[in-house]
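> need a structure here:
(chains A and B)
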Amino acid sequence: MTLAGDILQITALSLLVAGTSTLVATLIAVPIGTVLGLREVGSARLLRNILFTLYGLPPVLAGLLVFLLLSRAGPLGPLRLLYTPLGMVIAQVVIVTPIILGITMSVVSTVERRVKDTAFVLGADRYQLSITVLREAAAGVLTAIMVGFGRAISEVGAVFIVGGHIEGQTQVLTTTIITDVAQAEYGHAVALGVILLLLAAVIYSLLYRIQERTLP
Amino acid sequence: MHFASMRQYIVVLIIAAVVALAVTAYLSLPRAYLLMATTTSTRDTGLLPPMLRNFTLDTGIEVRYIAVGTGQALDAGRRGDVDVVMVHAPALEAEFIASKDGLCRNQIMYNTFVIVGPAGDSAGVRNATSAPDALARIYDNRSRFESRADNSGTNIKELALWSAAGLNASSFGTWYEKTNQGMGATLTIANERAAYTLSDDGTWFAREPTLPYLGLLYNRTDSVLRNQYSVIPVNPATHPGVFSERALAFAQWLVGPRGQSFIGAFKVHGHTIFTPDGTGDC
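Numbers count the residues shown, from 1 in each chain, chains lettered A, B, ... in the order given. Next comes the predicted model:
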């Protein structure tokens, strides 16, 4: 049987969906998180509170929301993205963005407090301050991205609802483990679980290395 | 970290995101395959993969499926998210046709509902004179029972059998547990919790080797236990854009000689699961 090919395909799609979601979420969340983290008071505070609430957004709720949006009867139905990898990415971007945003915001505002006075004494303007802060906060931002990826690759509810777990199309490691267990294919499920764990180990050790190098 | 290296990181990040998005978008291009919503029982018996392969070989039409409860499968059709549904709940199917969501209905095959439970059978289901009598015995004994509670065809049949026994499932106590899951998962739970449950015989035979604490207790071909499967293409008049012609070809293949003989010959662990009875207006 094409068991190995099937596992390979499922693994590849898991990586693609979680990786794409994390990259897109990073591009959205890091700039916004930096700006919000640098603003101490005022209107940013309310926005910050909202974002911290989204930080705890249950993934399955994000899945339901995106499902209703993308279903043909929903507002984005004409795009025909339900039961596609891109639909899964959209759901996961909704989940991962607040996580990266929240952590980036915290890290940036902590670093800002530490370096602000020194930077201004040294004659830095607002823009130069931002760059300095972001540079100092790089390790923390990387942590944010790692946490976001960890959430994306291990997430199951949203990708199940939005992806539909179609064989050869939208099956990922986590959803396949669920249906394997329903069919008592425990061996196959354990194999996929081990792959999931190995992926996490490889990616985290890679990121950890980058993080070590970027530490000031 | 230097400013230059940070810019490098950002450029790499953007390129990576664009490439990843492009690959994902490519994989998400409008599908050319027929998409079917069907029930967990047809997946859990293992019928679908070889049957769909044969259909593709005969017609060149590729089919993929999502496997959910009958209620959800029909709803996927009602939303226009799939091209065809294959389900087993005649009353719900009639509604689906009446609301113009379904184009036509071909009945394709049936199997039989069975009652399984702990091998000790403290409720005496083995001695039951009918399926409602079997459930009445479980009720009298307050033996633990796992209900799918997922609006699936099996769940709907189970509720009808309680009614036939003169009982109202909504008033049951804690012995009546609701799994809200598919057939395979519910059998696993029944096995672990030494509970009775209603299953289709196909899923039961497919799963039997992994369910050591359960036995087949009531397995008779009463007409009330007949589990009729049907295929219904989604109506293109109500849901423009569905692959109607291909869905019709699929419905016709299933009741034609190729589909029917495949279904009749399909065996799981030596048991014939489905009896072909193809007929219909598609």
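> Name whatever forms a beta bridge with B:Leu115.
Heads up, residue B:115 is Ile, not Leu. Listed by DSSP bridges, the beta-bridge partners for B:Ile115 are B:Leu198, B:Tyr218.
> So which bits of the stretch 101-250 of chain B are right by chain A?
Within the stretch 101-250 of chain B, the positions lying close to chain A (Cβ under 8 Å from any Cβ of the partner chain) are B:Gln181, B:Gly182, B:Gly184, B:Ala185, B:Thr188, B:Ala206, B:Arg207, B:Thr210, B:Leu211, B:His239, B:Gly241. Every residue, glycine included, has its C-beta placed from N, CA and C.
> The fifth one - nearest residue in space that isn't next to it in sequence?
Nearest in space to B:Thr188, with sequence neighbours left out and distances taken as Cβ to Cβ, 6 or more residues apart in numbering or on different chains, is A:Ala184 at 6.5 Å.
> What of B:Phe205?
Leaving aside its chain neighbours, B:Phe205 sits nearest to B:His271 (4.4 Å; criterion: Cβ to Cβ, 6+ apart).
> Give me the phi and psi for that neighbour.
With angles defined as degrees, to the nearest 10, B:His271 sits at phi -100, psi 130.
> Chain A versus that one, what's the distance?
For B:His271, the distance to chain A equals 17 Å [Cβ to the nearest Cβ, to the nearest Å].
> hang on, the earlier thing: now render the residues of the stretch 101-250 of chain B next to chain A as CSV, adding pLDDT, neighbour count and secondary structure.
Formatted as CSV, these follow (pLDDT from 0 to 100; neighbours: other Cβ atoms under 10 Å in any protein chain shown; DSSP: H, G, I helix; E, B strand; the rest coil):
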residue, pLDDT, neighbour count, secondary structure
B:Gln181, 88, 20, coil
B:Gly182, 88, 26, coil
B:Gly184, 88, 25, helix
B:Ala185, 89, 22, helix
B:Thr188, 91, 22, helix
B:Ala206, 90, 25, helix
B:Arg207, 91, 24, helix
B:Thr210, 91, 15, helix
B:Leu211, 94, 18, coil
B:His239, 94, 21, coil
B:Gly241, 89, 14, coil
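> Name whatever forms a beta bridge with the residue nearest to B:Phe205.
B:Val268.
> just the helices in chain B please.
Using DSSP state H, the helices of chain B run over residues B:3-27, B:40-44, B:48-59, B:70-78, B:90-98, B:131-141, B:153-164, B:183-193, B:201-207, B:244-255, B:257-265.
> Dump those helices to JSON lines, plus distance to A:Gly123.
Below are the helices of chain B laid out as JSON lines (distance: least, Cβ to Cβ, whole Å):
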{"stretch": "helix B:3-27", "distance to A:Gly123": "17"}
{"stretch": "helix B:40-44", "distance to A:Gly123": "68"}
{"stretch": "helix B:48-59", "distance to A:Gly123": "70"}
{"stretch": "helix B:70-78", "distance to A:Gly123": "63"}
{"stretch": "helix B:90-98", "distance to A:Gly123": "73"}
{"stretch": "helix B:131-141", "distance to A:Gly123": "83"}
{"stretch": "helix B:153-164", "distance to A:Gly123": "73"}
{"stretch": "helix B:183-193", "distance to A:Gly123": "66"}
{"stretch": "helix B:201-207", "distance to A:Gly123": "74"}
{"stretch": "helix B:244-255", "distance to A:Gly123": "70"}
{"stretch": "helix B:257-265", "distance to A:Gly123": "81"}
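> Done for today, thanks.
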